[in-house]
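> quick one, structure for this:
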Amino acid sequence: MKKTTFLKWLFIPCIMFIAGWFNTAFADDYYWIGGSGNWSEFNLHWATTSGGAVMHTEVPGADDDVYFDANSFTGPGEVVTIDVNAYCNNIDWTGVTNTPDLAGSSALYVSGSLTYNPAMTASFTGWLSFVSSQAGNTIDFSTLALSMSSVQFNGEGEWTLLSDIDLSLMGGSFTLTRGTINTNGITISVGSFQSWPGTGFRVMNLGSSVINCQWINIWDGGSLTLNAGTSTINTETNWFDGQNLTYYNVNFEPTWPTTIMIMGSNTFHNLGLSNNNISEVIFPSNATQTVFDMDFSGSCSNLIPVHSDVTGEAAYIKKISGTLQEDYLILQDLNVIGGATFITDHGIDLGNVTNWTINSGTGTTLYWVGGSGNWSDADHWSTSSGGAYPSGETCLPSDVDNVVFDANSFTGPGETVTLDVNGFFNNMDWSGVTNNPVFASGTGNELNVFGSLTFDPGMDI
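Below is the predicted model:
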């Protein structure tokens with residue numbers, strides 16, 4: 001029995017070695033010749049040597065290296081079209097001349113490394129998938145703007161990026177489902193930056209990279225190791241599930257007015273919420289965001305509500321030391337932990353806020369001028385009755401300010417004041433208005449009264 005067992009364990013490695021030898025022994029080099037053509041036309045374009053006349057008898061396979069060089073193209077702008085799902089080990093465009101183009105819309109599967117050349121273009125719109133099972137692979141897209149729909153990593157291997165990746169032209173995605181990516185300090189600009197659980201481990205080493213994306217979707221699933229390094233993620237998304245992971249800098253940069261919703265208990269070096277299109281920030285109740293720093297975009301003309309997603313249940317923000325001061329915030333259902341000092345001047349406390357110092361500003365009286373308009377338009381608010389319109393004011397009423405609508409507010413019948421944002425004030429007085437004005441509200445906007453409210457029978461609501 002011992003002798004049989006020994007022979008069995010000797011036999012298995014031998015078979016594995018032989019299989020690996022056959023795999024390597026039958027890998028070929030493919031050289032493109034003859035200018036424009038389709039990937040599938042092996043008898044016309046795939047030679048066994050650079051510029052050679054002996055052709056391969058089939059298209060490249062997953063173990064074969066393919067080369068595009070100075071002997072591949074004879075005229076300017078010639079095109080290689082990927083017309084079928086294509087496979088190769090390494091793909092290398094070093095040394096090409098005449099500015100060729102890689103085109104097509106079928107998928108390209110690369111088992112090794114990829115090297116583009118600045119003296120080429122890449123209008124290829126298909127799916128590029130890296131499927132190596134080995135370490136030491138490199139990816140160099142040179143300085144090219146890419147039109148690919150997706151770059152995916154789905155192998156047990158390791159890849160190091162040597163150049164910036166720009167998929168923003170067509171909003172392409174960058175996806176890790178298996179393997180290890182070293183972003184190596186480069187910039188990645190994509191429509192979607194994502195990682196989904198696959199059949200094996202996933203490691204993202206972000207180093208000092210900058211990632212610009214419209215959407216970010218990172219799902220842990222128990223198989224992801226995210227090493228954030230000193231990276232910066234700039235995203236246009238309004239919904240972020242951090243999956244309880246640790247990030248470095250994450251900046252929300254929406255291109256339209258929106259509410260930012262953050263899910264999970266996450267850790268950030270800096271959580272950037274200072275984009276002017278951010279109208280509200282919602283944190284998950286009973287979850288903790290740990291930050292070294294955090295910034296908002298509040299101003300006297302744009303008070304930012306910050307609260308948990310469940311009324312009456314606090315979200316937790318943890319900062320170990322130092323002082324965080326962010327002004328012009330409307331705070332509710334937040335609990336600061338960790339020992340740092342949090343201060344908001346010109347803030348509004350809507351309740352259930354712990355360990356956050358909120359200082360109200362000095363109140364004033366603001367008069368409506370200029371007839372019809374939106375509450376959020378500061379030019380309709382003047383410090384004097386009948387003041388000039390536009391008033392030149394930059395601030396909206398807050399919880400310590402009194403607001404007055406009077407005989408000098410409206411110049412024609414039925415003019416309308418529209419509450420297009422949540423409104424805040426101490427006292428509101430419509431006494432003495434003329435011209436039968438209308439006070440209307442947009443959908444979902446709230447009027448927050450901290451003092452008294454007086455309407456007038458000569459108005460409509």
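> what residues does the lengthiest strand in the chain touch?
For the chain, the longest strand by residue count, based on DSSP state E, is strand 150-161. Strand 150-161 has contacts (Cβ atoms under 8 Å, 6 or more residues apart in numbering) with 111, 127-139, 165, 167, 172-184, 186, 188, 190, 198, 200-201. The way it works is simple: take the backbone N, C-alpha and C, and place the C-beta from them, glycine included.
> where does pLDDT dip in this structure?
Low-confidence segments of the chain (pLDDT under 70): 1-25.
> tell me the contacts of the residue nearest the centre of it?
Central residue of the chain (Cα atoms, centre = their mean): T235, 2.6 Å from the mean position. For T235, the contacting residues are 193, 211-216, 250-253, by Cβ under 8 Å, 6+ apart.
> tell me how far it lies from G191.
T235 sits 11 Å away from G191, going by Cβ to Cβ, to the nearest Å.
> what residues are shared contacts of the two?
213-215.
> most neighbours, which of those?
Ranked by neighbour count (other Cβ atoms under 10 Å), those have C213 at the top, with 24 neighbours.
> that residue: what's it in contact with?
174, 188-193, 233-237.
> same for the very next helix or strand once past the longest strand of the chain, what does it pack against?
Remark: after strand 150-161, the chain's next helix or strand is strand 165-166, criterion DSSP states H and E. Other helices and strands packing on strand 165-166, by 3 or more Cβ pairs under 8 Å, 6 or more residues apart in numbering; DSSP states H and E, are strand 187-195.
> elements contacting the helix or strand that the strand it packs on is followed by?
As assigned by DSSP H and E, the chain's next helix or strand after strand 187-195 is strand 202-205. Applying 3+ Cβ pairs under 8 Å, 6+ apart, we find strand 202-205 packed against strand 173-182, strand 224-227.
> just say which of those strands is most tucked in.
Mean neighbour count (mean count of other Cβ atoms under 10 Å) peaks for strand 173-182 among the helices and strands packed on strand 202-205, with a mean of 21.
> now the end-to-end length of stretch 373-390.
The first and final residues of stretch 373-390 sit 11 Å from each other (Cα to Cα, to the nearest Å).
> list of residues touching that stretch?
Stretch 373-390 is contacted from outside by 301, 364-371, 391-397, 403-404, 406, 408, 417-421, 423, using Cβ under 8 Å, 6+ apart.
> can you tell me the helix or strand for G61?
Assessed by DSSP H and E, G61 sits outside every helix and strand.
> pull the contacting residues for it.
Listed by Cβ under 8 Å, 6+ apart, the contact partners of G61 are 87-88.
> where's it relative to G298, distance?
In terms of Cβ to Cβ, G61 sits 59 Å off from G298.
> again with T255
Distance of T255 to G298, given as Cβ to Cβ: 20 Å.
> so between those two, which is more surrounded?
Per other Cβ under 10 Å, whichever of T255 and G298 has more neighbours is G298, with 23 against 9.
> how close does the more buried one get to S106?
Remark: distance between G298 and S106 (Cβ to Cβ) = 50 Å.
> could you do L162 as well?
L162 is 25 Å from S106, where distance means Cβ to Cβ.
> ditto for G155
Computed with Cβ to Cβ, the distance linking G155 and S106 is 19 Å.
> more neighbours: which of these two?
Shown here are G155 and S106; by other Cβ under 10 Å, G155 has more neighbours (23 against 17).
> leaving out chain neighbours, which residue sits closest to the more buried one?
Nearest residue to G155, sequence neighbours excluded (Cβ to Cβ, 6 or more residues apart in numbering): V131, at 4.2 Å.
> indicate which one of the helices and strands packed on strand 202-205 is closest to T344.
Closest approach to T344 among the helices and strands packed on strand 202-205 (Cβ to Cβ): strand 224-227, 31.5 Å.
> quick one: list the elements packing against the closest one.
Counting by 3+ Cβ pairs under 8 Å, 6+ apart, the packing neighbours recorded for strand 224-227 are strand 202-205.
> and the helix or strand just after the strand it packs on, how far out from the chain's middle?
Note on strand 202-205: by DSSP H and E, the next helix or strand toward the C-terminus is strand 210-218. Offset of strand 210-218 from its chain centre (Cα atoms, centre = their mean, to the nearest Å): 3 Å.
> so what strands line up beside strand 210-218?
strand 187-195 (parallel), strand 232-235 (parallel) (DSSP bridges).
> in a helix, that's where N43 is, yeah?
Yes. Residue state for N43 (DSSP: H, G, I helix; E, B strand; the rest coil) corresponds to a helix.
> what's the neighbour count on it?
N43 has 11 neighbours, counted by other Cβ under 10 Å.
> wait, what's in contact with it?
Applying Cβ under 8 Å, 6+ apart, we find N43 in contact with 55, 57.
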